[in-house]
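Engineer: structure for the following, please:
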Amino acid sequence: MSLPHARYIVLEHEGEWKINLDNRYYGPFATQQAAVDSATGTARKAGEDGYPASVLLMQGTKFETLWTTDSNPAP
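Structural biologist: Residues are numbered from 1 along each chain as shown. Got it, this is the predicted structure:
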């Protein structure tokens, strides 16, 4: 059985930068980069524990993949 894919979505929500994971918001963060850094650090840890993970930046209705375990495997 494969493990669920953790998608950390960085977005501006109600005027603040937050991370959405499984329809829950985390933050706020002072800047977009701070939210990206936090999401990436958490996603890396998930990857090290064997979970497929990715960090996406949501801008409007578009998503940009910033990091994924598929292209950055854990050591």
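
Engineer: quick one: the closest residue to residue 30 other than its chain neighbours and residue 49, what's the gap?
Structural biologist: Nearest residue to residue 30, sequence neighbours excluded (Cβ to Cβ, 6 or more residues apart in numbering): residue 17, at 7.5 Å. Where you see a C-beta, it was placed from the backbone N, CA and C, and this is true even at glycine. Residue 17 sits 25 Å away from residue 49, going by Cβ to Cβ, to the nearest Å.

Engineer: what do you get for residue 5?
Structural biologist: When residue 5 is compared with residue 49 (using Cβ to Cβ), they lie 13 Å apart.

Engineer: can you check residue 65 too?
Structural biologist: 20 Å.

Engineer: which SS state does the residue nearest to residue 30 fall under?
Structural biologist: What DSSP: H, G, I helix; E, B strand; the rest coil gives for residue 17 is strand.

Engineer: show me the contacts for it.
Structural biologist: 10-11, 27-32, 34-35 (Cβ atoms under 8 Å, 6 or more residues apart in numbering).

Engineer: redo that, cut-off 7 Å
Structural biologist: 10, 27-29, 31-32, 34-35 (Cβ atoms under 7 Å, 6 or more residues apart in numbering).

Engineer: swap in residue 34?
Structural biologist: residue 17.

Engineer: quick check: residue 63 touching residue 56?
Structural biologist: Yes. Taking contacts as Cβ atoms under 7 Å, residue 63 lies within contact range of residue 56: 4.7 Å.

Engineer: neighbour count winner among these two?
Structural biologist: residue 56 (19 against 15; other Cβ atoms under 10 Å).

Engineer: the more buried one looks like it's in a strand, true?
Structural biologist: Yes. Assessed by three-state DSSP, residue 56 belongs to a strand.

Engineer: so it touches residue 65, yeah?
Structural biologist: Yes. Applying Cβ under 7 Å, one finds residue 56 in contact with residue 65, separated by 5.7 Å.

Engineer: can you give me the helices in this protein?
Structural biologist: Assigned by DSSP state H, the helices in the chain fall at 32-48.

Engineer: right, I'll call it a day here.
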